[in-house]
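Student: starting from these lines, generate the structure:
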Amino acid sequence: MAASDRAGDPLPYGVSDAGPAAGEGGHPAADVAAREPRRRAALDASAPRVVAWEVTRSCNLACAHCRASALHGPYEGELSTSECLDLVGRIAATGKPILILTGGEPLLRPDIFVIAAAARNAGLRPVMAPNGTLVTPAAAADMMAAGIGRISVSIDFPDPVDHDRFRGCPGAFDSALRGIRSAQDAGLEIQINSTISRLNVAYLPRLLALAEELGAVSFHPFMLVPTGRGHDLAAQELDPDDYERTLNWIYDAQRSSPLFFKPTDVPHYWRVMRQRARADGVKLEAHPHSHGGLNTLSRGCLAGVGFCFVSHVGAVQPCGYFDKAAGNVRQQDFGEIWRTSPLFADLRDLDALKGKCGACEYKRVCGGCRARAFERSGDYLAEEPYCAYVPRGWAPAAG
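Tutor: So this is what the prediction gives:
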């Protein structure tokens, strides 16, 4: 979902909403000793803005792109109710982030509203990411009572046949729309998520029209990251030039739509947004439904910087697509992981980025998708493999 309200600059480096910082570009050939002060400074990060928590991996659907390859559980080793309530308190001790209760299908967890209410009472801002098919009027009322103000529902095709095929369940489209109406009747805000690939990029205008017709407040196009079951869709990922065209379409569509757009898993949109805004002579301003003020405009990849993911068994990862743990809440305090993880320190040190990303004048507002870099090369500091932009003065290393 969206980022949290600004309380000072939550990044351990200056991020300008006006464009790339003066003098950026060029990747210093820093050795390990030179990097240590940066790593120590990077670990002194403020509280996370957003924590996504996979409260269960169990799911009633079998979606083609699922990072978790989730199926109907139960899954062994999931956090108990007491462990979940303890984790809520430990997250709250780091700050007051938005807490996304996700899955799997979070409504399959019997104690989900106990967890959500505890999060609200601890001062967190709980939201939920169900698939919509189980959002009955009673469930929607329970969400509101537990302090959940917004849910995101994924609609990947604008018609039932293709959506149901992609989601692996006949009737999923109609059930999701019924769930959306039940949630709205209870007073919940609706965010529509769509996983975008070659399979459905041509449907983006119709998906946006559907989101507007449904009365959503926000539209989040998620660019496919082929992990989990999504490995089978790797050939359907957009190529860099198609990404560029799609991101420019999103920028233009946002100018005329009442919905807030937040392209996700595609940090180079923050470059495109600044390039286009400067060319058009317009100022970037916060959208009323962004949840995050100018934080929403500040930076692309927040993995390990302002965002982290907690798995169903307590592993803390930079994001759900980034299959490398910084620690586990069963062995270590959440706040300690957030503050001291060497993995998170690396991700917060933008001067450690390699290739085009390290040389890019937009690296402080983009950062490249670290999950894609890791999935493609095994090196999470490698350059973003699906960005067409060539940094000023960039020349790849010989050999």
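Student: residues of stretch 301-313 that come out buried?
Tutor: Of all the residues in stretch 301-313, those buried under the rule 16 or more other Cβ atoms under 10 Å are 301-313. (Each C-beta comes from the backbone N, C-alpha and C, glycine too.)
Student: actually stretch 376-396, not the one I wrote
Tutor: Going by neighbour count (16+ other Cβ under 10 Å), the buried part of stretch 376-396 is Arg376, Tyr380, Leu381, Ala382, Glu383, Glu384, Pro385, Tyr386, Cys387, Tyr389, Pro391, Trp394.
Student: again with stretch 184-192
Tutor: Under the neighbour-count criterion of 16+ other Cβ under 10 Å, stretch 184-192 has Gln184, Ala186, Leu188, Glu189, Ile190, Gln191, Ile192 buried.
Student: widest-spaced pair of these?
Tutor: By the measure Cβ to Cβ, Ala186 and Ile192 form the most distant pair in the buried residues of stretch 184-192, at 17.3 Å.
Student: still on that earlier bit, of the buried residues of stretch 301-313, closest to Ala138?
Tutor: The closest of the buried residues of stretch 301-313, once distances to Ala138 are taken by Cβ to Cβ, is His312, at 24.7 Å.
Student: could you pull out the helices for the stretch 51-200 of the chain?
Tutor: Counting by DSSP state H, counting those that start in this stretch, residue ranges of the helices within the stretch 51-200 of the chain are 81-94, 112-121, 137-145, 160-167, 172-185.
Student: what does the third one contact?
Tutor: Contact with helix 137-145 is made by 107, 113, 116-117, 128, 135, 151, 179, 182-183, 185-188, as judged by Cβ atoms under 8 Å, 6 or more residues apart in numbering.
Student: how far is it from where the chain is centred?
Tutor: How far helix 137-145 lies from its chain's middle: 25 Å, per Cα atoms, centre = their mean, to the nearest Å.
Student: mean confidence score for it?
Tutor: Average pLDDT, helix 137-145: 98.
Student: now the residue nearest to Phe113 when sequence neighbours are not counted: how far from Val127?
Tutor: Leaving aside its chain neighbours, Phe113 sits nearest to Ala146 (4.4 Å; criterion: Cβ to Cβ, 6 or more residues apart in numbering). Ala146 is 11 Å from Val127, where distance means Cβ to Cβ, to the nearest Å.
Student: and stretch 347-355, end to end?
Tutor: Across stretch 347-355, the terminal residues are separated by 15 Å (Cα to Cα, to the nearest Å).
Student: return the set of buried residues in that stretch.
Tutor: Leu347, Arg348, Asp349, Leu350, Ala352, Leu353, Lys354, Gly355.
Student: now the fifth one. Nearest residue, chain neighbours left out?
Tutor: To tie it back to what came earlier, the one meant is Ala352. Using Cβ to Cβ, 6+ apart and skipping residues adjacent in sequence, the residue nearest Ala352 is Leu381, 5.4 Å away.
Student: tell me the contacts of that neighbour?
Tutor: Leu381 neighbours (Cβ under 8 Å, 6+ apart): Asp346, Ala352, Leu353, Lys354, Arg370, Ala373.
Student: quick check: it vs Ala373, distance?
Tutor: According to Cβ to Cβ, Leu381 and Ala373 sit 7 Å apart.
Student: look up phi and psi at Asp333.
Tutor: According to degrees, to the nearest 10, the main-chain angles of Asp333 amount to phi -60, psi 140.
Student: quick check: chain neighbours aside, which residue is closest to it?
Tutor: Arg90 (5.9 Å).
Student: ok, the one you found to Phe166 distance?
Tutor: In terms of Cβ to Cβ, Arg90 sits 36 Å off from Phe166.
Student: so these two - more neighbours on which side?
Tutor: Taking neighbours as other Cβ atoms under 10 Å, Arg90 and Phe166 compare with Phe166 leading, 22 against 16.
Student: pLDDT wise, what is the more buried one at?
Tutor: 87.
Student: my read: it touches Ile155, true?
Tutor: No. With contacts counted by Cβ atoms under 8 Å, Phe166 stays clear of Ile155, the gap being 10.0 Å.
Student: cross the buried residues of stretch 184-192 against strands and list the overlap.
Tutor: Glu189, Ile190, Gln191, Ile192 (DSSP state E).
Student: what's the nearest residue to the last one if we skip its chain neighbours?
Tutor: Read it as Ile192. Per Cβ to Cβ, 6+ apart, closest to Ile192 is Ala211, 4.0 Å.
Student: in this structure that neighbour contacts Ile180, no?
Tutor: No. With contact defined as Cβ under 8 Å, Ala211 does not reach Ile180; the gap is 9.9 Å.
Student: which one of those two has more residues nearby?
Tutor: Ala211 (26 against 23).
Student: list just the nearest of the buried residues of stretch 376-396 to Arg198.
Tutor: Nearest to Arg198 among the buried residues of stretch 376-396, with distances taken as Cβ to Cβ, is Tyr386, at 12.5 Å.
Student: for that closest one, give me its contacts.
Tutor: Contacts for Tyr386 were tallied using Cβ under 8 Å, 6+ apart; they are Met223, Glu237, Leu238, Asp239, Pro240, Tyr243, Val266, Cys369, Arg372.
Student: now it, what's its secondary structure?
Tutor: coil (DSSP: H, G, I helix; E, B strand; the rest coil).
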